[in-house]
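Asker: could you look at this predicted model? Sequence included:
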Amino acid sequence: MVRHDDAVHSEVQIAADLRKKYPEGVYVATFENRRLADARKAILSALDTDRDGKLSDYEKRNARIILYGHSWGASAVVALARDLNKDGVPVLLTVQVDSVAKTGQNDALIPENVAEAVNFYQPNGWLHGQPQIHAVNPARTKILGNFRSEYKSTPYTCSGYPWFGRIFAQEHIKIECDTSLWNKIENLIREQLPVTQQAKN
């Protein structure tokens, strides 16, 4: 239920930081988890470099897509990767943070068009993440790990988050505002991106 531009959330903060560090050559966008079709359309449009309305094999081969999200957004990452697989479009990396599957989605099974996938989760509270992700085809997809975090005894420091999340889903929200975790995630993303002067700073 998060707006795509709500800057209190780590996902949006990372996107803003990446835009600043990669002003050219990298397209960064955030979408609400319910806007899967819009995200897919934006990706296919960005890949269509000759603007002929269809993707050539060359345009597909040169796709360098990274998808990340938290909660329903993490489940949407896998669903979007699966849609892109139907389009014949490869994905470099998927990152799931305390992934919670929506009805009809399978956030545990990573499609074979994904080169690398990583899962971060916490096991506590009534809302908690998928503990294990697996590759449909281990020969095509490397699972970088399923990494567990514990926040049960961590003081609440997520200022600016809605009151219902702070009360009813504390651990689920704590992983979303864990600065050290999201720094790791941003580094994983940046390892896949070109080296620029801005990115070095």
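Answerer: Sure, I can see it.

Asker: check which helix or strand the residue nearest the centre of the chain maps to.
Answerer: Among the residues of the chain, the one closest to the centroid is residue 68, at 0.6 Å (Cα atoms, centre = their mean). According to DSSP states H and E, residue 68 maps onto strand 66-70.

Asker: now do the next helix or strand after that strand against strand 66-70, angle only.
Answerer: Counting by DSSP H and E, the element after strand 66-70 in chain order, helix or strand, is helix 72-86. Interaxial angle, helix 72-86 versus strand 66-70 (axes from the mean of the first three to the mean of the last three Cα atoms, to 10 degrees): 150 degrees.

Asker: send me helix 72-86 as CSV with only the CA atoms.
Answerer: What follows is helix 72-86 as a C-alpha-only set of coordinates in CSV (Å, rounded to 0.1, in the frame of the first residue of the first chain):
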residue,chain,number,x,y,z
TRP,A,72,4.2,-7.6,-1.7
GLY,A,73,6.7,-5.7,-3.8
ALA,A,74,9.2,-8.5,-3.5
SER,A,75,6.6,-11.0,-4.6
ALA,A,76,5.8,-8.7,-7.5
VAL,A,77,9.5,-8.8,-8.5
VAL,A,78,9.2,-12.6,-9.1
ALA,A,79,5.9,-12.2,-10.9
LEU,A,80,7.4,-9.5,-13.1
ALA,A,81,10.5,-11.6,-13.9
ARG,A,82,8.1,-14.4,-14.8
ASP,A,83,6.2,-12.1,-17.2
LEU,A,84,9.5,-11.0,-18.8
ASN,A,85,10.5,-14.6,-19.2
LYS,A,86,7.4,-15.0,-21.4
